[in-house]
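Asker: Give me the fold of what follows.
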Amino acid sequence: MVSTAEQMSDLETGTEPRVKLAVRDLAIHYGADTAISGVNLEVRENEIFGIIGPANAGKTSFLKTINRMNDFNSGMRVDGEITFDGIDIRDVRNVYALRNRIGVVFPLPVGLPLTVYENVAFVPRLCGIRDKAELDAIVERCLTRAALWDEVKDRLDSLGSLLSGGQQQRLTIARALSQDPDLLMLDEFSIAVDPVTTMRIEDVLKELKKEMTIILVTNLVQQARRLADRTAFFLEGECVEIGDTEDLFTGKVQDSRTTDYIEGRFG
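Answerer: Now for the predicted structure:
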């Protein structure tokens, strides 16, 4: 992992940030249907990379390939190349180790049928951590980073499913953080979350960017504008264009369809 000092050195010398994830000629097929084709992009270290686009644009399918969730679907075929820290993910034999480095938060909070504490401690336990003090520290750290600790610290032994929807979504983020990911992917995290909680999670993501790379799929274009350093626009299985987020939102685009989507003319 690159140290903070190295990252600061890059900023001082004006060098380009390191590429965390590189995608080349990616195509995704479900049987005879093609969800994505010809996608080429790079995600840089310690950036929030936004992905916007209407339903059925291929955004979720794209996320599924990054930590090889496609392995669960025998009808899903992936062509092309995805490299994570310079390693082709298809060459990774220990898929579980790969997924430990790539956390995922889905649109609806999917809590384990466990207590708040055990939801966060679940992955560390699987990784062999048994010491109570160490687990306590991990749980507190992850819940704090997810802006949830102060609300649940007195009910860690309660079922996670008894939390409010917004709290459950933040618990899902805390669980993803418990594996210490290098890359955190969020797929429409705010669908079932109230506006106040959405803003709290957005503040969390801004802080997390200092420690990891984030891919944010969102159907809220203004959310992408608030959070993303760069944004990709997906449409009908094609990555139409990628650019600095503010450029896309101020009309500096290569394809008029990007502006049409951002301004709500379709979607």
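
Asker: What pairs with the helix or strand harbouring G80, parallel or antiparallel?
Answerer: Using DSSP states H and E, G80 sits in strand 76-84. When pairing is defined by DSSP bridges, strand 76-84 lines up against strand 19-30 (antiparallel), strand 87-88 (antiparallel).

Asker: Just the buried positions in stretch 221-229, please.
Answerer: Buried residues in stretch 221-229, counted by 16 or more other CB atoms under 10 Å: 221, 223-229. All C-beta atoms are positioned from the backbone trio N, CA, C, and that covers glycine.

Asker: Ok, stretch 137-152 next?
Answerer: Neighbour counts over stretch 137-152 (16+ other CB under 10 Å) mark 138-139, 141-143, 145-149, 152 as buried.

Asker: tell me which element the residue nearest the centre of the chain is part of?
Answerer: Nearest residue to the geometric centre of the chain (CA atoms, centre = their mean): M185, 1.1 Å. M185 is part of strand 183-187 when elements are defined by DSSP H and E.

Asker: Note down every partner strand of that strand and its orientation.
Answerer: Paired neighbours of strand 183-187 in the sheet (DSSP bridges): strand 102-105 (parallel), strand 213-217 (parallel).

Asker: Packing partners of the next helix-or-strand element following the longest one?
Answerer: On the C-terminal side of strand 213-217, the nearest following helix or strand under DSSP H and E is helix 221-227. Helix 221-227 makes packing contacts with strand 48-52, helix 195-208, strand 213-217, helix 245-249 when contacts are defined by 3 or more CB pairs under 8 Å, 6 or more residues apart in numbering; DSSP states H and E.

Asker: Next, the angle from the third one to helix 195-208.
Answerer: To tie it back to what came earlier, the one meant is strand 213-217. In terms of direction (axes from the mean of the first three to the mean of the last three CA atoms, to 10 degrees), strand 213-217 departs from helix 195-208 by 150 degrees.

Asker: And strand 213-217, how far out from the chain middle?
Answerer: 4 Å (CA atoms, centre = their mean, to the nearest Å).

Asker: what mean pLDDT would you report for that strand?
Answerer: For strand 213-217, the mean pLDDT works out to 97.

Asker: what angle separates that strand from strand 48-52?
Answerer: Here strand 213-217 runs at an angle of 20 degrees relative to strand 48-52 (the same axes, to 10 degrees).

Asker: Tell me, how many residues neighbour L205?
Answerer: Neighbours of L205 under the rule other CB atoms under 10 Å: 20.

Asker: can you check Q254 too?
Answerer: When neighbours are counted by other CB under 10 Å, Q254 registers 12.

Asker: What residues does it make contact with?
Answerer: Contact partners of Q254, counting by CB atoms under 8 Å, 6 or more residues apart in numbering, are 241, 243.

Asker: What of V139?
Answerer: Applying CB under 8 Å, 6+ apart, we find V139 in contact with 117, 120-121, 156, 178.

Asker: Recalculate using a threshold of 7 Å.
Answerer: 117, 120-121 (CB atoms under 7 Å, 6 or more residues apart in numbering).

Asker: Equivalent analysis for D25, please.
Answerer: When contacts are counted by CB under 7 Å, 6+ apart, D25 touches 38, 40, 80-81.

Asker: My guess is L184 contacts R175. True?
Answerer: No - taking contacts as CB atoms under 7 Å, L184 lies outside contact range of R175: 11.5 Å.
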